[in-house]
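*Asks:* Sequence and computational prediction follow.
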Amino acid sequence: MTDRVLVVEDDDATSALLRSVLEGAGFGVTVLADGREAVDWAVAERPEAIVLDVALPGIDGFEVLNRVRRDHRTAFTVVILLTGRDDPGDRAYGFHLDADDFVPKPFDPEDLVARLTGRVRRVREALSTSWAQLPGGAMVERHVRNLMADGR
């Protein structure tokens, strides 16, 4: 089975390059340009990974990451943030939201593929150790706290 990657990038040239590089590495690729649409697609389709531009129209990449991490169906999806800004605060905030990695633009194709492949493999191996692959105590508690904070 081919690993599926959701690319969320609003720049046509960059998204075309990402598609070419990732498909060339054997990934199945879906490209979206809108953050809200990306969250809905990720929750419904559950790709193995998301390569996510930080600067998006509507909701930015940080909010997409936040929503992906808060949903139990996508909490373990590999998310690599991609940005053209060189702001240490952005990097720190992305890692605070549990990004798996942060890649600057312009990106090195081989480096991106290596990072993505390694992280997908690590998550797959970690999940394969759980016979049920169901959320555990800490994850359930975090989900309930999020629901309560949202008034649900």
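*Replies:* Yep, that arrived. Residues are numbered from 1 along each chain as shown.
*Asks:* elements contacting the helix or strand Leu18 falls within?
*Replies:* Using DSSP states H and E, Leu18 sits in helix 12-24. For helix 12-24, the elements it packs on are strand 4-8, strand 28-32, strand 49-53, helix 109-128, judged by 3 or more Cβ pairs under 8 Å, 6 or more residues apart in numbering; DSSP states H and E. (Glycine included, C-beta is placed from N, CA and C.)
*Asks:* Can I get those in TSV including mean neighbour count?
*Replies:* Output for the helices and strands packed on helix 12-24, formatted as TSV (neighbours: other Cβ atoms under 10 Å):
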stretch	mean neighbour count
strand 4-8	24
strand 28-32	18
strand 49-53	26
helix 109-128	14
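*Asks:* Export these as TSV, with columns for distance to Val79 and mean pLDDT.
*Replies:* Shown next, in TSV, are these (distance: least, Cβ to Cβ, whole Å; pLDDT from 0 to 100):
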stretch	distance to Val79	mean pLDDT
strand 4-8	9	97
strand 28-32	14	97
strand 49-53	5	97
helix 109-128	9	88
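*Asks:* before we move on, the earlier item: need the contact partners of the helix holding Leu18.
*Replies:* 5, 7, 9, 29, 31, 33, 51, 53, 105, 109, 112-113, 116 (Cβ atoms under 8 Å, 6 or more residues apart in numbering).
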